[in-house]
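Enquirer: need a structure here:
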Amino acid sequence: MNILVTGGTGYIGSHTCVSLLEAGHSVVIADNLSNSRKETVNKIKEITNRDVLFHEIDVSNKDQVKKLFSNNKFDGVIHFAGYKAVGESLDLPISYYSNNLFSTIFLAEACINYGVRRFVFSSSATVYGDNQAPFKETMKLLPTTNPYGSTKEMSERILTDVAKANSSFSVSILRYFNPIGAHQSGLIGEIPKGHPNNLMPYITNVAKGKFDKLFVFGNDYSTLDGTGVRDYIHVMDLAEGHVKALESIDSGVEVFNLGTGQGTSVLQLLKAFEQANGLEIPYEIVERRPGDIATCFADTTKAEKHLCWKAKRGIFEMCRDAWRFETQYTD
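Expert: All right, here's what the predicted structure looks like:
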């Protein structure tokens with residue numbers, strides 16, 4: 001199949017492009033490079049020895065999306081493009097709502113108009129709000145604690161309604177948890193612009209000497225060591241889950257959690273990184289961040305049963321691969 005990957009030069013998108021190409025599909029990337037680098041396209045080609053088409057466009061622009069679909073024939077869309085920082089969304093809610101919702105609307109509309117049947121949406125465990133972990137797909141979604149999560153929940157509702165109104169349009173919604181790690185080649189990985197918002201690139205930047213120490217946001221949660229617990233998943237496991245979801249789309253809308261089903265605290269992850277790479281990471285406990293919850297991990301039963309997919313890489317492998325990429329990458 002020929003697959004449009006929006007946000008395909010980003011962290012998760014680039015690894016999914018690799019998995020798609022290795023599975024025999026063709027890939028067209030659409031990305032405005034607001035939080036990624038064009039050089040990643042060449043890294044994808046180097047890893048897979050396959051060609052990739054790249055369009056530097058903004059998929060929240062309706063005219064650009066229409067032109068893209070009129071000039072290409074797609075069999076499916078995997079939609080990653082969007083703003084994604086929880087903390088930033090609290091400061092810039094209008095930007096988050098306009099960018100994330102318009103991109104979903106315009107892509108869904110183009111799929112209907114151009115007969116594209118398969119749509120995989122990159123959602124988030126954030127939509128579960130303050131539900132009790134482990135999170136199950138059947139849970140009633142609670143109000144999210146930040147605009148980023150709200151845009152994911154609204155996008156899910158938009159796509160569900162579009163699929164209900166158009167029987168030829170089928171959607172797989174993937175609620176995934178905390179991707180970390182990098183491709184085993186060390187050629188692609190997470191490259192945040194500016195100060196990293198996610199934990200692993202923050203740790204690797206401290207290890208590399210870019211920052212003096214890691215700030216741990218809160219140690220008074222109701223968890224085993226007081227720090228936040230998350231379901232960390234290797235980005236390549238996540239990428240392979242997207243390919244399985246794309247290939248398994250049948251009809252209607254299906255929702256899947258993609259995670260390991262196990263929680264790891266911030267301090268546990270920090271310790272694992274130190275042990276995996278023979279390093280010591282200085283850290284300081286500071287106040288909680290607004291919008292964060294104590295515990296978040298997945299029930300992955302449905303994905304294992306219906307997608308025949310299960311995360312297979314462990315926390316130490318995630319830490320080793322993340323550091324391998326960081327030591328090979330230069331700005």
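Enquirer: Identify the residues contacting the nearest residue to residue 1 once chain neighbours are set aside.
Expert: Spatial nearest neighbour of residue 1, chain neighbours left out: residue 75 (3.7 Å); criterion: CB to CB, 6 or more residues apart in numbering. C-beta coordinates here come from the backbone N, C-alpha and C atoms, glycine included. Residues in contact with residue 75 (CB atoms under 8 Å, 6 or more residues apart in numbering) are 1-3, 116-118.
Enquirer: got it, and residue 280?
Expert: Residue 280 touches residue 274, counting by CB under 8 Å, 6+ apart.
Enquirer: how about a cut-off of 10 Å?
Expert: Taking CB atoms under 10 Å, 6 or more residues apart in numbering, we find residue 280 in contact with 207, 270, 274.
Enquirer: Help me confirm that residue 42 is found in a strand?
Expert: No: counting by DSSP: H, G, I helix; E, B strand; the rest coil, residue 42 is located in no strand; its state is helix.
Enquirer: That one is in contact with residue 50, isn't it?
Expert: No: in terms of CB atoms under 10 Å, residue 42 does not count as a neighbour of residue 50; the distance is 11.9 Å.
Enquirer: Settle it for me: which of the two has more neighbours?
Expert: Using other CB atoms under 10 Å as the criterion, residue 42 and residue 50 rank with residue 50 on top: 17 against 12.
Enquirer: Please state the backbone phi and psi of the closest residue to that one other than its chain neighbours?
Expert: In space, residue 50 comes closest to residue 21 once its chain neighbours are excluded; the distance is 4.4 Å by CB to CB, 6+ apart. For residue 21, the backbone dihedrals (degrees, to the nearest 10) come out as phi -60, psi -40.
Enquirer: unless I'm mixing things up, residue 21 is touching residue 51, no?
Expert: Yes: with contact defined as CB under 10 Å, residue 21 reaches residue 51; the gap is 9.0 Å.
Enquirer: ok, those two, which is more surrounded?
Expert: residue 21 (21 against 11).
Enquirer: what's the burial count for residue 49?
Expert: Residue 49: 8 neighbours (other CB under 10 Å).
Enquirer: so who does it touch?
Expert: In this structure, residue 49 makes contact with 21-22, judged by CB under 10 Å, 6+ apart.
Enquirer: Can you give me the buried ones in the host helix or strand of residue 20?
Expert: Using DSSP states H and E, residue 20 sits in helix 11-22. Buried residues in helix 11-22, counted by 16 or more other CB atoms under 10 Å: 11-21.
Enquirer: Now do the contacts for the closest residue to residue 212 other than its chain neighbours.
Expert: Computed as CB to CB, 6+ apart, the closest residue to residue 212 that is not its neighbour in sequence is residue 282, at 7.0 Å. If a contact means CB under 10 Å, 6+ apart, then residue 282 has 206, 211-214 as its contacts.
Enquirer: tell me what the biggest helix by length in the chain is packed against?
Expert: Of all the segments of type helix in the chain, defined by DSSP state H, the longest one is helix 93-114. The contact analysis (3 or more CB pairs under 10 Å, 6 or more residues apart in numbering; DSSP states H and E) places helix 93-114 against strand 2-6, helix 62-71, strand 76-79, helix 86-91, strand 118-124, helix 147-165, strand 170-176.
Enquirer: Between strand 118-124 and that helix, find me the angle.
Expert: Counting by axes from the mean of the first three to the mean of the last three CA atoms, to 10 degrees, helix 93-114 lies at 170 degrees to strand 118-124.
Enquirer: then helix 93-114 to PDB, C-alphas only?
Expert: The C-alpha coordinates for helix 93-114 follow below in PDB (Å, rounded to 0.1, in the frame of the first residue of the first chain):
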ATOM      1  CA  PRO A  93      -4.500  26.300  24.200                       C
ATOM      2  CA  ILE A  94      -5.700  28.200  21.100                       C
ATOM      3  CA  SER A  95      -2.700  27.000  19.100                       C
ATOM      4  CA  TYR A  96      -3.200  23.400  20.200                       C
ATOM      5  CA  TYR A  97      -6.900  23.300  19.400                       C
ATOM      6  CA  SER A  98      -6.600  25.000  16.000                       C
ATOM      7  CA  ASN A  99      -3.600  23.000  14.800                       C
ATOM      8  CA  ASN A 100      -4.500  19.500  16.100                       C
ATOM      9  CA  LEU A 101      -8.200  19.700  15.300                       C
ATOM     10  CA  PHE A 102      -8.000  21.300  11.900                       C
ATOM     11  CA  SER A 103      -5.400  18.800  10.700                       C
ATOM     12  CA  THR A 104      -7.600  15.900  11.700                       C
ATOM     13  CA  ILE A 105     -10.700  17.500  10.100                       C
ATOM     14  CA  PHE A 106      -9.000  18.300   6.800                       C
ATOM     15  CA  LEU A 107      -7.300  14.900   6.500                       C
ATOM     16  CA  ALA A 108     -10.500  13.100   7.200                       C
ATOM     17  CA  GLU A 109     -12.300  15.300   4.600                       C
ATOM     18  CA  ALA A 110      -9.700  14.600   2.000                       C
ATOM     19  CA  CYS A 111      -9.900  10.800   2.700                       C
ATOM     20  CA  ILE A 112     -13.700  10.900   2.000                       C
ATOM     21  CA  ASN A 113     -13.300  13.000  -1.100                       C
ATOM     22  CA  TYR A 114     -10.500  11.000  -2.600                       C
END
